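A.B. asks: just coords:
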């Protein structure tokens, strides 16, 4: 755009064609696009325009701005998609529909000419069904995709004045045909949509005339804050904490009676819950307390092996599995939790018992299978559970088994605990195995730690570190951190040096050291694949040494020549992570996968998971994929990785805690390297925030157990 036009005219209103996506933010719809205006000039468009795709035309209203580095840019205020009028644009638009693609889009244009969009609008299923080799089922799916596309365009128009047009797809996915009515009649319901949040819904509501001090606004804010607190791990908030947060959000303190009457909110002893979460916590507590109060169902007293392979505390764990309907085995790395599990499985099979093994993630289930020789499954697969629908195994139709061993139980949140317990019959023995000192699970609650703290079931704490495990500095470093002490950085007698600390003072030097270490040392020094066998972990996403910056640099160093794939978002060969459960594709949140093939014509890509499975990923399902050369420690739970590189720098100090550092170290199998500054590590080790979640499960369990005991003695 010539400078003369920038100086003479600050406003823009006209039609542009999207040529290329330069940058798209993950969270707020901001994007930088290369577009062409009506005069054929190529210009840079910025703003909340992530809903626009290459080939689309949009009517844009905006303002010219001058960037010191990039020159004139058009900042969009609104950008409404338009139906393409030329053949090229129509082909591009139709290609986005399910089961159409570029070849079928060309055929539709050949068949119906310039009126192709009008002809499809008159009879979508008929138009698509007229294509050669298009099945009735495919034609119906294409028609449904067409209807959704048109509805989403209407939502764009409705949401554009609020700068929220980029959320039209998500809102339509959640509310379907009710989306427009919801926006107009109850905009606060939009907080149910990922990425909307209270502030965005509030913008629409206030813009449509909702009074700032209305009861509906205050109640919606309260329920939203409780939902957000669950994402941080709490099952509830104390009444005074919620009141304080509400005042900060609304600008005034609403009446207590207004909040307590909010639909979907419940109060108990000064604690405020979402009603669904309160009921869930009560059910889990009642279920566990009832199981704990009953005598063992399995009439079996295992005979201790005479070969001395198990320590006394390990054998107590094996005996406990058969002596109580619920038992716990916990301990840190190198103390023999896996050996205990093997022994429990062996005793059960020798006595012809039905035993089921499971874990929260596919990676953990695979390791359990390798350790025991018996197939283990994810909890979802064991129960045949697809969230959004009922599990096959549930109350009245329990899992047909005598014993269930649940590994990596520290990863189970309250919701998963409820579904798991509901699918297991009351007589079945359950053994929870895990490390209570690791990070708590993603999601509300900390059932495993609460069960341990409650004291209502037998808990075996394994403490003896075996000689072979003690040879690893990784093991001893983890235990030192767990005791609140900074780890030793020099090997002891007979120890292997597999734990290192690289001192770097600035975030930039930390970042460069991490990238060099993974790119140069993992392959050359260890003979491992830096893409598949190394994992960078960091506490935060933003900043010079954050996950986002590290991913960008590691991609350039480890996969510089990978061909563009998935609409140029990634490169062939990239290491990726699924960030949300997709049961249709069999990809769970946290699954690591590798991009091995890409087919732009069919709008699909082929992924290989770290479990060795192959997944065909449609482009429209790929929004939940992110680069995974660097990930958060939470995302790494349940996995073992040959080489772990962990960022431990003062720029991340707000997130550095003892459980986080401990969990990061215990992910490493062959080598662990911490990169940062020693004072940050030392301070982080002293910050034990393992009990900082608001959860009442342990209290409920203890109280329920006492009540049952008192009732038995009356």
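C.D. replies: Great, that's in hand. Just so it is clear, the structure is predicted and the values come from calculations on it, not from any experiment. Numbering: from 1, shown residues only.
A.B. asks: Not counting the top strand by length along the chain itself, show me its contacts.
C.D. replies: In the chain, taking DSSP state E as the definition, the longest strand is strand 11-24. Contact with strand 11-24 is made by 30-38, 42-45, 50, 52-64, 74, 82, 89, 567-569, as judged by CB atoms under 8 Å, 6 or more residues apart in numbering. The way it works is simple: take the backbone N, C-alpha and C, and place the C-beta from them, glycine included.
A.B. asks: Which ones among those map onto strands?
C.D. replies: 31-36, 42-45, 57-64, 74, 82.
A.B. asks: picking up where we left off before, give me the ChimeraX select line for the contacts of strand 11-24, limited to the buried ones.
C.D. replies: A single ChimeraX command selects the buried members of the contacts of strand 11-24 (16 or more other CB atoms under 10 Å):
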select :31,32,33,35,37,43,44,45,50,52,55,56,57,58,60,62,64,74,89,567,569
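A.B. asks: Identify the residues contacting the most centrally placed residue in the chain.
C.D. replies: Centroid-nearest residue in the chain: residue 579, 4.1 Å away (criterion: CA atoms, centre = their mean). Counting by CB under 8 Å, 6+ apart, residue 579 makes contact with 589-590, 624-626.
A.B. asks: try residue 426
C.D. replies: Contact analysis of residue 426 by CB under 8 Å, 6+ apart lists 290-291, 294, 325, 398.
A.B. asks: how far out from the middle of the chain is stretch 351-359?
C.D. replies: Using CA atoms, centre = their mean, to the nearest Å, the mean C-alpha position of stretch 351-359 is found 29 Å from that of the whole chain.
A.B. asks: any weak-confidence spans in the stretch 201-350 of the chain?
C.D. replies: Low-confidence segments of the stretch 201-350 of the chain (pLDDT under 70): 306-308.
A.B. asks: quick one: the strands in it?
C.D. replies: 237-238, 265-268, 271-274, 326-331 (DSSP state E, counting those that start in this stretch).
A.B. asks: From the contact counts, what lies against the lengthiest helix in the chain?
C.D. replies: Longest helix of the chain, by residue count under DSSP state H: helix 136-159. For helix 136-159, the contact count by 3 or more CB pairs under 8 Å, 6 or more residues apart in numbering; DSSP states H and E identifies strand 71-82, helix 124-129, helix 168-175, helix 179-185 as packing neighbours.
A.B. asks: would you turn those into JSON lines with distance to residue 528 and mean pLDDT?
C.D. replies: Below are the helices and strands packed on helix 136-159 laid out as JSON lines (distance: least, CB to CB, whole Å; pLDDT from 0 to 100):
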{"stretch": "strand 71-82", "distance to residue 528": "44", "mean pLDDT": "85"}
{"stretch": "helix 124-129", "distance to residue 528": "49", "mean pLDDT": "90"}
{"stretch": "helix 168-175", "distance to residue 528": "39", "mean pLDDT": "81"}
{"stretch": "helix 179-185", "distance to residue 528": "49", "mean pLDDT": "84"}
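A.B. asks: got the ones you listed as TSV, with distance to residue 267 columns?
C.D. replies: Formatted as TSV, the helices and strands packed on helix 136-159 follow (distance: least, CB to CB, whole Å):
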stretch	distance to residue 267
strand 71-82	43
helix 124-129	50
helix 168-175	28
helix 179-185	28
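A.B. asks: Figure out which of those is closest to residue 348.
C.D. replies: Residue 348 sits nearest to helix 168-175 of all these, at 44.3 Å, using CB to CB.
A.B. asks: re earlier: tell me which of the strands of the stretch 201-350 of the chain is the most buried.
C.D. replies: When you average the neighbours per residue for each of those (mean count of other CB atoms under 10 Å), strand 326-331 leads with a mean of 25.
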